[in-house]
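1. dropping a prediction and its sequence here:
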Amino acid sequence: MLMLTFQFLSAQETTYKTITNIHYYDKATNASDAYINERCVLDLYYPTNAENFPTVVWFHGGGLTGGSKELPEALKNKGMAVVGVNYRLNPKVKAPKYIEDAAAAVAWVFKNIKDYKGDTGLIFVSGHSAGGYLTSMIGLDKSYLAAFGIDANEIAGLIPFSGHTITHFTVRQERGIPGTQPIVDSLAPLYHVRKDAPPLLLITGDRELEMLGRYEENAYLMRMMKVVGHKETTLYEMDGYGHGMTEPAFPLLVKEVHRIMKEKK
């Protein structure tokens, strides 16, 4: 049985440090590609006087064409590390480069968080919109993390916020397919439903206020995960909130971290 010595400390007892712009690809890769060297960096916020703490890897939104790494304030001072990730963007790259970047960043966390006294068994992956799509892709399609020697099933939990579960609209745009034409192929999380995936917590805005079909996409992913026998898929709909539904969703993320930590004790 996994024994955890970590305990959530009060904000008064815990101190934190932030390290910015850590390159998550190796030096040779950075040297060979100027855009990777510029864009493929992460920020690490972590407790300095705790051990065996959980880590949330957070991918920003922006439609895979914009946005920048962030350390959400709602996740700070919660006794856990937060990793904010930049990844390459369209039009400078096309699929699956940004998915590969997301996997490389998560792999960096698996290989390095123990150096900061974090628990590699408590690494959660989350993100909003495009970040939610990246979360689901690297968590359900095991090939991306496998390329870096990591089993996606080692992720403690997947918590996408309002992410596409069909093929992302930017990927479709790259192919000349309109955003109103739904596609499910190998670049869709739905394509990779599987029984043995990590716990999956899906959170969207109100179905009447969300971006086109986003709630229904996630509802279908939930249904298909259950059909294939996955036992830990949950869907929350934030009534009254549109696509920018992060504010009410962050407490659910923190609650999920607590839940899974308790189960692992």
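-> Alright, I've got the coordinates.
2. got the contact list for the helix or strand encompassing Ala102?
-> Assigned by DSSP states H and E, Ala102 falls within helix 97-112. Helix 97-112 has contacts (Cβ atoms under 8 Å, 6 or more residues apart in numbering) with 22, 24-25, 39-40, 42, 55, 57, 59, 64, 83, 85, 87-90, 120, 123, 125, 134-135, 137-138, 144-145, 147-150, 154-155, 187. Just so you know, the C-beta spots here come from the backbone N, C-alpha and C atoms, and that holds for glycine as well.
3. next structured bit after it?
-> Assigned by DSSP H and E, the successor of helix 97-112 is strand 118-128.
4. chain neighbours aside, what residue packs nearest to the residue nearest in space to the middle of the chain?
-> Central residue of the chain (Cα atoms, centre = their mean): Ser126, 2.9 Å from the mean position. Nearest non-adjacent residue to Ser126, counting by Cβ to Cβ, 6 or more residues apart in numbering: Ile159, 4.1 Å away.
5. quick check: that neighbour is in a helix.
-> No - counting by DSSP: H, G, I helix; E, B strand; the rest coil, Ile159 falls outside a helix, being strand.
6. for it, give its distance to His258.
-> 12 Å (Cβ to Cβ, to the nearest Å).
7. which one's more surrounded, those two?
-> Neighbours were counted for Ile159 and for His258 using other Cβ atoms under 10 Å; Ile159 has more, 30 against 15.
8. which of the contacts of helix 97-112 fall in helices?
-> Of the contacts of helix 97-112, the ones assigned to helices by DSSP state H are Arg39, Leu134, Thr135, Met137, Ile138, Tyr144, Leu145.
9. quick one on the thing from earlier: are any of the contacts of helix 97-112 buried, and which?
-> Among the contacts of helix 97-112, those that count as buried by neighbour count (16 or more other Cβ atoms under 10 Å) are 24-25, 39-40, 42, 55, 57, 59, 64, 83, 85, 87-90, 120, 123, 125, 134-135, 137-138, 144-145, 148, 150, 155, 187.
10. just the buried positions in stretch 53-73, please.
-> 53-64, 67, 69-72.
11. just how off-centre is that stretch within its chain?
-> Centre-to-centre, stretch 53-73 and its host chain are 8 Å apart (Cα atoms, centre = their mean, to the nearest Å).
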